[in-house]
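> A structural model of the following input is requested.
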Amino acid sequence: MPIRFDGRVAIVTGAGNGLGRAHARGLASRGAKVVVNDFGGARDGSGGSLTPAETVVEEIRKAGGIAIADGADVSSFEQVAAMVERATREWGGVDLLCANAGILRDKSFSKMEVADFAKVLDVHLTGTFYCCKAVWCGMRERNYGRIVLTTSSSGLFGNFGQANYGAAKAGMIGLMNVLAEEGRKNDIRVNTISPTAATRMTEELLPPHALALMKPEAITPAVEYLLSEDAPTRTIMGAGAGSFAVIRIMETEGINLAQSDWTPDAVAAHFAEISDISTAKALQGAFEQTQKYVGQAAARAGIKL
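Here you go, the predicted model:
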């Protein structure tokens with residue numbers, strides 16, 4: 001059966017343009033009632049207008065969908081909480097959250113102002129936390145929730161001139177990991193999308209023929225899947241230009257050194273074995289790493305755990 005969202009209420013932040021617009025329209029086309037949230041600012045976060053969100057709402061309504069516009073600034077918890085309260089009054093609660101809002105203030109690290117670093121983290125990371133926090137209690141009460149955070153290859157793999165953006169986007173992974181664990185008993189599934197698309201944020205970085213391949217609508221199927229009834233949890237999906245992938249953070253098996261070899265020289269001597277990627281796997285929780293290290297040390301010492 002096709003994935004549908006009939007009876008579900010969704011909030012999509014940053015939905016006045018680009019990726020968020022595509023996600024909001026896609027969810028509405030599959031039956032969701034959508035809060036189209038957009039502060040309506042420029043790419044650097046300045047300004048503000050409800051017009052972009054209202055335009056998307058009109059597009060959804062013309063296509064037969066149900067939506068309302070909201071201009072909450074995600075970097076204000078009071079405004080985010082009011083948005084969630086409004087959706088709850090209108091439609092009974094919030095089932096789905098796609099935290100997509102973001103800004104760019106790119107500069108090389110030596111030229112980056114402290115205020116620009118703080119503002120990008122405030123919108124991306126803190127704003128995503130605010131959105132999750134505002135919907136969390138309601139999702140727990142109803143024993144159902146689907147949340148998609150938005151990371152970036154800049155945070156996962158690095159990109160020149162984006163220390164602020166990369167730090168914020170890497171933080172999404174830590175937030176997802178913890179929320180996915182805490183949400184399991186209440187069927188709240190939390191995943192992350194790492195998109196690459198032709199948007200206001202990328203239009204100056206790629207030639208026109210490449211941008212033509214990178215429609216925002218190519219990302220939306222992955223977001224819809226991660227918000228669906230049968231979604232996984234704690235999964236990072238990459239998507240762009242019709243390509244889809246899963247991204248994992250891996251740790252090698254490593255080795256245990258005798259106490260006499262707890263020296264940088266011994267680490268250097270064994271580094272090839274320590275970094276052998278053929279033994280790598282994705283750990284399922286922080287304590288799994290601790291258990292592995294203690295297990296290796298116990299085996300060396302002949303201690304049975």
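
> low-confidence bits of this protein, can you list those?
In the predicted model, the chain carries pLDDT under 70 at residues 41-48, 198-205.

> show me which strand runs longest in it.
In the chain, taking DSSP state E as the definition, the longest strand is strand 188-195.

> ends of stretch 25-38, what's the gap?
The first and final residues of stretch 25-38 sit 14 Å from each other (Cα to Cα, to the nearest Å).

> equivalent analysis for stretch 179-191, please.
Start-to-end, stretch 179-191 (Cα to Cα) is 9 Å.

> what's the answer for stretch 40-55, then?
Taking Cα to Cα, the first and last residues of stretch 40-55 lie 11 Å apart.

> and the residue nearest to residue 280 when sequence neighbours are not counted, how far is that from residue 3?
Closest residue to residue 280 apart from its sequence neighbours, by Cβ to Cβ, 6 or more residues apart in numbering: residue 250 at 4.0 Å. For the C-beta atoms, the positions are set from N, CA and C on the backbone; glycine is no exception. Distance, residue 250 to residue 3, by Cβ to Cβ, to the nearest Å: 30 Å.

> between these two, who's got more neighbours?
residue 3 (14 against 10; other Cβ atoms under 10 Å).

> helix or strand: which one has the more buried one?
Under the criterion DSSP states H and E, no helix or strand holds residue 3.

> I'd say it and residue 30 touch.
Yes: Residue 3 lies in contact with residue 30 (Cβ atoms under 8 Å); the separation is 6.5 Å.

> got any residues that touch both of the two?
residue 224 (Cβ atoms under 8 Å, 6 or more residues apart in numbering).

> pull the residues that contact the biggest helix by length in the chain.
Longest helix of the chain, by residue count under DSSP state H: helix 163-183. Applying Cβ under 8 Å, 6+ apart, the contact partners of helix 163-183 are 102, 104-106, 109, 112, 116-117, 119-121, 123-125, 128-129, 132, 139-140, 145, 147, 149-152, 154-156, 158-159, 188-192, 233-234, 236, 249, 285.

> repeat that with 7 Å
Contact with helix 163-183 is made by 104-106, 109, 112, 116-117, 120-121, 124-125, 128-129, 132, 145, 147, 149-152, 154-156, 158-159, 189-192, 233-234, 236, 285, as judged by Cβ atoms under 7 Å, 6 or more residues apart in numbering.

> can you give me the strands in the stretch 201-305 of the chain?
Using DSSP state E, counting those that start in this stretch, the strands found in the stretch 201-305 of the chain span residues 236-240, 243-247.

> sheet partners, orientation included, of the first one?
Paired neighbours of strand 236-240 in the sheet (DSSP bridges): strand 188-195 (parallel), strand 243-247 (antiparallel).

> can these go into a markdown table with extra columns for mean neighbour count and distance to residue 51?
Formatted as a markdown table, the strands paired with strand 236-240 follow (neighbours: other Cβ atoms under 10 Å; distance: least, Cβ to Cβ, whole Å):
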| stretch | mean neighbour count | distance to residue 51 |
| --- | --- | --- |
| strand 188-195 | 25 | 24 |
| strand 243-247 | 12 | 33 |
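
> turn the ones you listed into JSON lines, columns for distance to residue 86.
Formatted as JSON lines, the strands paired with strand 236-240 follow (distance: least, Cβ to Cβ, whole Å):
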{"stretch": "strand 188-195", "distance to residue 86": "21"}
{"stretch": "strand 243-247", "distance to residue 86": "34"}
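
> how about the helices in the chain?
Using DSSP H, helices in the chain cover 18-29, 51-62, 77-91, 114-121, 127-142, 153-156, 163-183, 208-211, 220-226, 264-269, 271-274, 286-301.

> which one of those helices lies nearest to residue 245?
helix 220-226 (9.4 Å; Cβ to Cβ).

> now the closest one: buried residues?
220, 222-226 (16 or more other Cβ atoms under 10 Å).

> elements contacting that helix?
helix 18-29, strand 188-195, strand 236-240 (3 or more Cβ pairs under 7 Å, 6 or more residues apart in numbering; DSSP states H and E).

> can you do 6 Å?
helix 18-29, strand 188-195 (3 or more Cβ pairs under 6 Å, 6 or more residues apart in numbering; DSSP states H and E).

> and the strands of the stretch 201-305 of the chain as a markdown table, adding distance to residue 52?
Listed next are the strands of the stretch 201-305 of the chain as a markdown table, based on distance: least, Cβ to Cβ, whole Å:
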| stretch | distance to residue 52 |
| --- | --- |
| strand 236-240 | 23 |
| strand 243-247 | 27 |
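
> before I go, just wanted to say thanks for your time.
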